[in-house]
Structure formats: C-alpha cells, structure tokens
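Student: have a look; sequence and predicted model below, questions after that.
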Amino acid sequence: MQNLTLVSCLLLLTFSCKQQRTDAPEKQWYKGNLHTHSYWSDGDDYPEMIMDWYKSHDYDFIVLSDHNVLAKGEKWKRIPKSPVHEGAFEKYLEQFGEAWVEHREDSAGRTEVRLKTLEEYRPLFEEEGKFLIIQSEEISDSFEQKPLHMNVTNIQQKIEPQGGTSVADVLQRNLDKVKAQRTETGVSMFLHINHPNFVWAISPEDIIQLEGERFFEVYNGHPLVHNYGDSLRPSMEALWDKVQVAYRQDGKPLLYGLAVDDAHNYHVFNEKSSNPGRGWVMVKAKDLSAAALIEAMEAGEFYASTGVTLDAVQFDGQQLEVRVAAEEGIAYTIQFFGTKKTTPEKYGMLLHEVKGTRGTYKLQEDDLYVRAKVISSKPKQNPYQIGDKEVAWTQPVVKR
C-alpha cells in the first residue's frame, strides 16, 4: 500500500512538473508608440516630460526616435525665445528641480539646457511589467530631395543614412544595415518605413522592390503626411493593399501596418500640430520586453489604433474574428478587406461588413489575404484631420 502511494505521488509530481514546463504564460495586450520626437532632434520638449506624458496616459512602452541620433553623449539645447518654450522650461524646472535640470546662459544671455541621455532618465520611468522605454532612431535619408525616413526599433548602435541611387535603393541599403546589426548583435530589432506620402516621397512601386521589409505606417498623426492620398496618389490603405498583392505574388512575407503619432509638438494641441496620442499599436505579447514585443509584432500579433480598443483578434487559419471592447453609446462597423487571386488588379476590395461589436470572415480559396478595419462613430479627439472617427486596423492573414 505504501509503495502504491509512493508511485502515485511520483506520477502526480511528474504530471505537475510537465504542466509547469509546457504551460505558456498568458499573453497580454500592451499599448505603445513607435515614432516620437524630442529636443534631441526636432521635437519641442524634454525627454523626461515626454516620458511623463505617455506614462500618465496609460502607455506601456514608448520610443524616442529622433532624427539620425541616439540620446547619448553631451547635448545642450538653446531654448527658443518664445513664451511657449520659455514656459515649458519653467515647467520642466518646476517638475524635476534644480538638482536635476542642468542649465546655463550663453554669451547672448539665452538659456541652454543639457539634455539628459536615455540611460540617465530611463530609471525615473521604467517599471518592470508596467512601463518600458525602447531605444530607437529615425534614419532620415533622401534621394533627389525626397525625404526617406525609416524608424529602427530597439537599435543598439547609431546607423548613418546610407544613401543610394534610387528611392528603393536608399530604403534597401538602410534596411540591410539594420539586418546586419541585428545579426551581429543577436538583438531583436526591426526597421519600418515612415509616412510614405510625406512630400509624396515613397510610392507603392518603391516598397514592392524591397527585400525583407515587414512594417510601414498605415497611419501617422503628423498633419503633413497625406494619410488619405489625393486624386492622383493612393491613400496609405490603398498603398498597403497594392504592396500586399505584390508581396504575396512574389512569395514575400506579409506587410504589417502601424499607427503612430509622430509627435513633435507637446505644448499646443490642434490639427496643425503634430501631437502625442493620435495613433498607437496594441501588441499581444508574453511580457513587456523589447524582445517579446518584437517577436509578437513579427508574428502579426498586434493591431493599430487611433482610439478603438479590441477585446480579441483571433485567426484559426480559416476564419478571422474581431471583437470590439465597446463603449456605451458608440456604434461600430467592422469591415473585411482583401484581394482575390483571380483579380489581383482589384486590390483592397470590401469583402464583408458587419454592424456591431463582433465580426467574422471565413477566408475563401480565392482570397490572397484578408485584413479587418473597425470604424467607430466616436469622433477622434484632437484628430489628424477634422471629422476623423476613431479606427482600428488588424494585420492581414492568409488561409492555411
């Protein structure tokens, strides 16, 4: 009897240990912004003030992606002579104190402030599992005066703009540099294409030529980026679908769409300013670390949003399901877009539409890919464009 009891205990212990080894931690949704600026380049506020804004507005992770610079070394910022910027300095000084804020007067009597590095201000804000700052750089290159901007999330060493012989060549050279750094360091990172329609710099054909690009901004909150295209040039969604068709036909990985705010302006909030809080991503990851977030995003386990929150995005290889975390009194329309294999020239067709908070679409054999968009009746606060409603975009899926 004692032997049987001992055997039973050993079996129970073995089963329990096996469960502990195989049960994966439950994934959670994390809110973050992957394109933001500070006084380290052309933003108009201090890194600490910006971190405080995002953390106090319930973001879980954030980057400062300043142009062609990492927040390292010594940099002094002369405060612009305007009531807004002078007032911002006083607010910064009041919040963080004389012991933290290093400032001086230059020969002309103008105030200069030493900008804190990432390693200096990071401990003030980061909390394990609650708030994460990821190092980033906006590689700002050009070709024939066209601005070609790309963000590198979790970059480890600064990358200089690589130049090139065409728009696509410039993008590819910078992309290859990021891939090389990732290989050399063994650290997860990725490059995404910023605001293709900014000065109409990047066309769908440019992106189609690339090898290894996985991400681009389907929505950018800067007022000059032409998210919706014009009578001659495609919107970001139309560009997304056109590139997606070419990628699928060429056997390339799916292209995923980000929403970002591209914030530069933190003092004046209106449609003419590039303000925080306009667009973000919601990532379903196993934990709040750069590696886990990038792993999830590369698997397409995230959605982009300007305000709509989703309870679930589920895909079983056959059916895509979207469930909205509804707000009382707000109506929702769930649209499923895709392209048919037999008519690839008709890219981005509306395949199905549902009024309500839950929508499903079963992929057909003829579907090249499918993505969902959720449109709310709720007006977007401080919108990119007057009249905008809150929206969310899921990532494209293909039938398995």
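Tutor: It's in. Numbers count the residues shown, from 1 in each chain.

Student: which stretches of the stretch 301-400 of the chain form helices?
Tutor: Using DSSP state H, counting those that start in this stretch, the stretch 301-400 of the chain contains no helices.

Student: no, scratch that, I was asking about the chain
Tutor: Using DSSP state H, the helices found in the chain span residues 2-22, 47-56, 83-96, 118-125, 167-185, 204-208, 236-249, 290-298.

Student: orientation of the fifth one relative to helix 290-298 in degrees?
Tutor: Here helix 167-185 runs at an angle of 140 degrees relative to helix 290-298 (axes from the mean of the first three to the mean of the last three Cα atoms, to 10 degrees).

Student: just put the helices of the chain in JSON lines and tack on distance to residue 338, mean neighbour count and mean pLDDT.
Tutor: All C-beta spots, glycine's among them, are computed from the backbone N, C-alpha and C. Listed next are the helices of the chain as JSON lines, based on distance: least, Cβ to Cβ, whole Å; neighbours: other Cβ atoms under 10 Å; pLDDT from 0 to 100:
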{"stretch": "helix 2-22", "distance to residue 338": "35", "mean neighbour count": "9", "mean pLDDT": "44"}
{"stretch": "helix 47-56", "distance to residue 338": "34", "mean neighbour count": "19", "mean pLDDT": "98"}
{"stretch": "helix 83-96", "distance to residue 338": "46", "mean neighbour count": "14", "mean pLDDT": "96"}
{"stretch": "helix 118-125", "distance to residue 338": "41", "mean neighbour count": "15", "mean pLDDT": "98"}
{"stretch": "helix 167-185", "distance to residue 338": "26", "mean neighbour count": "18", "mean pLDDT": "98"}
{"stretch": "helix 204-208", "distance to residue 338": "17", "mean neighbour count": "19", "mean pLDDT": "98"}
{"stretch": "helix 236-249", "distance to residue 338": "8", "mean neighbour count": "21", "mean pLDDT": "98"}
{"stretch": "helix 290-298", "distance to residue 338": "21", "mean neighbour count": "19", "mean pLDDT": "98"}
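
Student: now those in TSV, with distance to residue 107?
Tutor: Output for those, formatted as TSV (distance: least, Cβ to Cβ, whole Å):
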stretch	distance to residue 107
helix 2-22	66
helix 47-56	26
helix 83-96	19
helix 118-125	27
helix 167-185	39
helix 204-208	46
helix 236-249	47
helix 290-298	42
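
Student: tell me which of the ones you listed sits nearest to residue 337.
Tutor: The closest of the helices of the chain to residue 337 is helix 236-249. By Cβ to Cβ, the value is 6.9 Å.

Student: now for that closest one, which elements pack on it?
Tutor: helix 204-208, strand 215-220, strand 332-340, strand 367-379 (3 or more Cβ pairs under 8 Å, 6 or more residues apart in numbering; DSSP states H and E).

Student: now do 10 Å
Tutor: Helix 236-249 sits against helix 204-208, strand 215-220, strand 256-260, strand 332-340, strand 367-379, strand 389-394, with contacts defined as 3 or more Cβ pairs under 10 Å, 6 or more residues apart in numbering; DSSP states H and E.

Student: any idea how far residue 55 is from residue 238?
Tutor: Plainly put, residue 238 is 35 Å away from residue 55 if you go by Cβ to Cβ, to the nearest Å.

Student: could you chop the protein up by domain?
Tutor: 23-75+115-305, 308-400 (automatic domain parsing).

Student: state the mean pLDDT of the last one.
Tutor: To tie it back to what came earlier, the one meant is domain 308-400. Looking at domain 308-400 alone, the average pLDDT works out to 98.

Student: deepest-packed of the helices and strands packed on helix 236-249, please.
Tutor: strand 256-260 (a mean of 27; mean count of other Cβ atoms under 10 Å).

Student: which one of the helices and strands packed on helix 236-249 lies closest to residue 243?
Tutor: helix 204-208 (4.9 Å).

Student: dump the closest one to PDB, keeping only the CA atoms.
Tutor: In PDB, the C-alpha atoms belonging to helix 204-208 read as follows (Å, rounded to 0.1, in the frame of the first residue of the first chain):
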ATOM      1  CA  PRO A 204       4.000  51.500 -53.700                       C
ATOM      2  CA  GLU A 205       6.400  50.500 -56.500                       C
ATOM      3  CA  ASP A 206       9.300  51.600 -54.400                       C
ATOM      4  CA  ILE A 207       8.200  49.400 -51.500                       C
ATOM      5  CA  ILE A 208       7.400  46.500 -53.800                       C
END
